[in-house]
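S.K.: What shape does this take:
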Amino acid sequence: MSPRILILFLSLMLIPGLCFAEFYKYKDANGVLRFTDNLGEVPKDQRENIQEYKESVTPAATEEPVKETLDLNARADQLNVERDSLAKEYAELEKDRENLEKTTRDPQNDANFEAYKKQVDAYNDRIKAYEVKRKLFQTKVNAFNKDAKNQ
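M.R.: Okay, here's the model as predicted:
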């Protein structure tokens, strides 16, 4: 094989690699959203409103760190609000606990004792709900700390 033919053959092989892939989006007659890389498949009446997509778009490198920093700041603010809310709820639980301890518990008086038991049960339910919220909050804090460390 002569060098001219080899160069011509290699040149022709590289030409398809220079093409860019484009995708088109349209709705068919049934209203189903379709994607294609062949403009000929798109109905002629929909070619005016067709949306064209390039195969890949690379975002600017400077945009990501700013967005992540803003995201971390927003998450930190949200975690601070949650922490303050949990602190308020904890203070209320402590106040209610102190009030329950001051309440007289007379097992001989059935009506008062039953009312006291209901108050204690309701208080215990509130403690369980608080613990669930606190554990969820701690999970969010741990994830935030991990993300902040990796940045």
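S.K.: Going by residue numbers, what spans are helices in this protein?
M.R.: Here the chain has its helices, by DSSP state H, at 3-14, 63-102, 110-150.
S.K.: Go through the ones you listed and name the closest to residue 31.
M.R.: helix 63-102 (35.6 Å; CB to CB). All C-beta spots, glycine's among them, are computed from the backbone N, C-alpha and C.
S.K.: what packs against that closest one?
M.R.: With contacts taken as 3 or more CB pairs under 8 Å, 6 or more residues apart in numbering; DSSP states H and E, helix 63-102 sits against helix 110-150.
S.K.: quick one, the helix it packs on and helix 63-102 angle?
M.R.: 160 degrees (axes from the mean of the first three to the mean of the last three CA atoms, to 10 degrees).
S.K.: Packing partners of helix 110-150?
M.R.: Against helix 110-150 (3+ CB pairs under 8 Å, 6+ apart) you get helix 63-102.
S.K.: in the helix it packs on, what's buried?
M.R.: 75, 82, 86 (16 or more other CB atoms under 10 Å).
S.K.: Local confidence estimate at the first one?
M.R.: Right, the one you point to is residue 75. Looking at residue 75, its pLDDT is 85.
S.K.: Chain neighbours aside, what residue packs nearest to it?
M.R.: Excluding its sequence neighbours, the residue lying closest to residue 75 (CB to CB, 6 or more residues apart in numbering) is residue 144, at 5.5 Å.
S.K.: residues in contact with the one you found?
M.R.: Residue 144 makes contact with 72, 75-76, 79, according to CB atoms under 8 Å, 6 or more residues apart in numbering.
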